[in-house]
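>>> No letters, just coordinates:
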Ligand SMILES: Nc1ncnc2c1ncn2[C@@H]1O[C@H](COP(=O)(O)OP(=O)(O)O)[C@@H](O)[C@H]1O
Ligand SMILES: N[C@@H](CC(=O)OP(=O)(O)O)C(=O)O
């Protein structure tokens, strides 16, 4: 069926929003909908806020969770206590969600069965690996997948149960591979799981984690639920993918710039979405955007708690009407990895070696610059991994001087920044705020302007650029006329 009015949507609810379960029922999940209006939607749910952090490692601080403890030899059996703490957190979450005793018990039973199943599997694996014939290293990805999927299994089970209690025909679609006998590709797994679902009369609540041959965790790592969202959208031929977040996609993080000063982004294109995810803004996982863009399906980012608001539409064919910065975002903990070698002038091959080392140690490159004898990469990753890159390169290039420093990178992003006014106004805004940038990247392809500052100046830089390039953008020419008169 291709009729726009009857085709379904696929909608993801992020972890931060999932934790506000009761409000979600009154907005996104049920709200004023009745009868047929409740259906023709597929929901993909993330784990409740903080759950995946505790199961794996903290996304921002890197603090070890169950996985990181299990993987590190020095931690011994500490992972077992960490897993028990996750179970307790799950029961506490169930306590908040279900006032009905029977429902709470079945939610707790579900969580306990999954947690204890994984626990005994990990104990067996540790025992096997103590023989030496089985190498723990070879199984760590599977362990990571098993642990991560616990979070999404809980939230999908709870959401469908809660909807059932509220008279909605919801069905949990468990893509986590729990006790499955065969393994399929991502697309096949999705097709098989939804084959007998009648979208006009059932509401599928799908786990954000999909266990499949491609191993989502190995390829995409954190933020994987958006990959499930995008493939589900493409495979089921949905008319639109929707991401429900805690805030509207705004011109800056409303936690850093006052919510009154930020603007909701009405529309943008996938080019801007790519820049945002590169900066770790998580507007959408870069790989998720790719599938949707290739299939020509629009993505809408909405505030989960303001369901009437149309939110932000992201499509490939939306060009800007005029040069304008749309969003100011950044990363406060970036490593500037500077490789300097005077022997480099006129010689090729340095770049390749550096890139190989970065790839080998799985370090994310945010940006790079180079000149005659210096190549600087701006990196996101663990200090440990970056130190390994440094060691590898020092042994290959003995005359090189490699230096590493922490910086913050703030980026002003828009579909068309092709006006010299953007750079001029950015510099004025920074100088007015007393910020001296360590570096600025204004490239030929005008979609972003990157400013490098000391980490302590991160928030002030976001605020200053937001003020200069967004809040004051339309008023600035007039003010300049007054100033000149
Ligand atoms: N430009 C922005 N617009 C909206 N939120 C932003 C923006 N930049 C950063 N954020 C932050 O993103 C957070 C949501 O992050 P995310 O991990 O995507 O949540 P979720 O768990 O819902 O997927 C919000 O708490 C908000 O502070
Ligand atoms: N819960 C997972 C997957 C995910 O996509 O989460 P969120 O939608 O909350 O970013 C993670 O934290 O990585």
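That came through fine. What you are looking at is a predicted structure, and each value in this text was computed from that prediction instead of being measured. Ligands and ions are numbered 1, 2, ... in the order given.

>>> got the residues of the stretch 251-400 of the chain near ligand 1?
The stretch 251-400 of the chain comes close to ligand 1 at residues 252, 253, 254, 255, 281, 282, 327, 329, as judged by Cβ under 6 Å from any ligand atom. For the C-beta atoms, the positions are set from N, CA and C on the backbone; glycine is no exception.

>>> Output those residues as CSV; include the columns neighbour count, secondary structure and pLDDT.
Output for those, formatted as CSV (neighbours: other Cβ atoms under 10 Å; DSSP: H, G, I helix; E, B strand; the rest coil; pLDDT from 0 to 100):
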residue, neighbour count, secondary structure, pLDDT
252, 25, coil, 95
253, 18, coil, 93
254, 16, coil, 91
255, 11, coil, 90
281, 18, coil, 72
282, 16, coil, 67
327, 27, strand, 96
329, 26, strand, 95
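
>>> ok, those vs residue 199, which is closest?
residue 282 (28.0 Å; Cβ to Cβ).

>>> Let me know the closest of the residues of the stretch 251-400 of the chain next to ligand 1 to residue 140.
residue 282 (24.6 Å).

>>> OK, contacts around the residue in the stretch 351-485 of the chain positioned nearest to ligand 1?
Taking Cβ to the nearest ligand atom, ligand 1 has its nearest neighbour within the stretch 351-485 of the chain at residue 462, 9.3 Å off. Residue 462 makes contacts with 252, 253, 256, 257, 328, 329, 330, 410, as judged by Cβ atoms under 8 Å, 6 or more residues apart in numbering.

>>> can you rerun that using 6 Å?
Residue 462 makes contact with 252, 256, 328, 330, 410, according to Cβ atoms under 6 Å, 6 or more residues apart in numbering.

>>> Same list, those residues, but as a markdown table with distance to ligand 2 and secondary structure please.
Below are the contacts of residue 462 laid out as a markdown table (distance: Cβ to the nearest ligand atom, whole Å; DSSP: H, G, I helix; E, B strand; the rest coil):
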| residue | distance to ligand 2 | secondary structure |
| --- | --- | --- |
| 252 | 19 | coil |
| 256 | 18 | coil |
| 328 | 21 | strand |
| 330 | 18 | strand |
| 410 | 22 | strand |
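
>>> and the gap between the closest residue to ligand 1 within the stretch 51-200 of the chain and residue 65?
The minimum distance from the stretch 51-200 of the chain to ligand 1, using Cβ to the nearest ligand atom, falls at residue 59 (7.8 Å). Separation of residue 59 from residue 65 (Cβ to Cβ, to the nearest Å): 10 Å.

>>> if I look at whichever residue of the chain sits closest to ligand 1, how far off is ligand 2?
In the chain, the residue found nearest to ligand 1 is residue 14; the distance is 2.2 Å by Cβ to the nearest ligand atom. Shown here: residue 14 relative to ligand 2, a distance of 4 Å by Cβ to the nearest ligand atom, to the nearest Å.

>>> what's the answer for residue 169, then?
25 Å.

>>> got it, and residue 26?
Taken as Cβ to the nearest ligand atom, the span from residue 26 to ligand 2 is 21 Å.

>>> try residue 170
In terms of Cβ to the nearest ligand atom, residue 170 sits 19 Å off from ligand 2.

>>> Can you give me the pLDDT of that residue?
With respect to pLDDT, residue 170 has a value of 98.

>>> picking that back up, so what's the residue count around the residue of the stretch 51-200 of the chain closest to ligand 1?
When neighbours are counted by other Cβ atoms under 10 Å, residue 59 registers 17.

>>> Please apply the same query to residue 194.
Applying other Cβ under 10 Å, we find 19 residues neighbouring residue 194.

>>> ditto for residue 452
21.

>>> Give me the spatial nearest neighbour of it, chain neighbours excluded.
Ranked by Cβ to Cβ, 6 or more residues apart in numbering and with sequence neighbours excluded, the top spatial neighbour of residue 452 is residue 439, at 4.0 Å.

>>> And the one you found, how far from residue 451?
Distance from residue 439 to residue 451, by Cβ to Cβ: 8 Å.

>>> Ok, residue 116 next?
50 Å.

>>> out of those two, which sits in the more crowded spot?
More neighbours surround residue 451 than the other of residue 116 and residue 451, with 27 against 12 (other Cβ under 10 Å).

>>> what would the residues of the stretch 251-400 of the chain next to ligand 1 look like in JSON lines with distance to residue 148?
JSON lines is the format used below for those (distance: Cβ to Cβ, whole Å):
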{"residue": "252", "distance to residue 148": "30"}
{"residue": "253", "distance to residue 148": "25"}
{"residue": "254", "distance to residue 148": "28"}
{"residue": "255", "distance to residue 148": "26"}
{"residue": "281", "distance to residue 148": "21"}
{"residue": "282", "distance to residue 148": "16"}
{"residue": "327", "distance to residue 148": "29"}
{"residue": "329", "distance to residue 148": "26"}
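
>>> Low-confidence ranges, the stretch 351-485 of the chain, go.
476-485 (pLDDT under 70).

>>> how about the helices in it?
For the stretch 351-485 of the chain, the helices defined by DSSP state H, counting those that start in this stretch cover 383-396, 420-432, 458-466, 476-484.

>>> okay, those, which one's buried deepest?
helix 458-466 (a mean of 23; mean count of other Cβ atoms under 10 Å).
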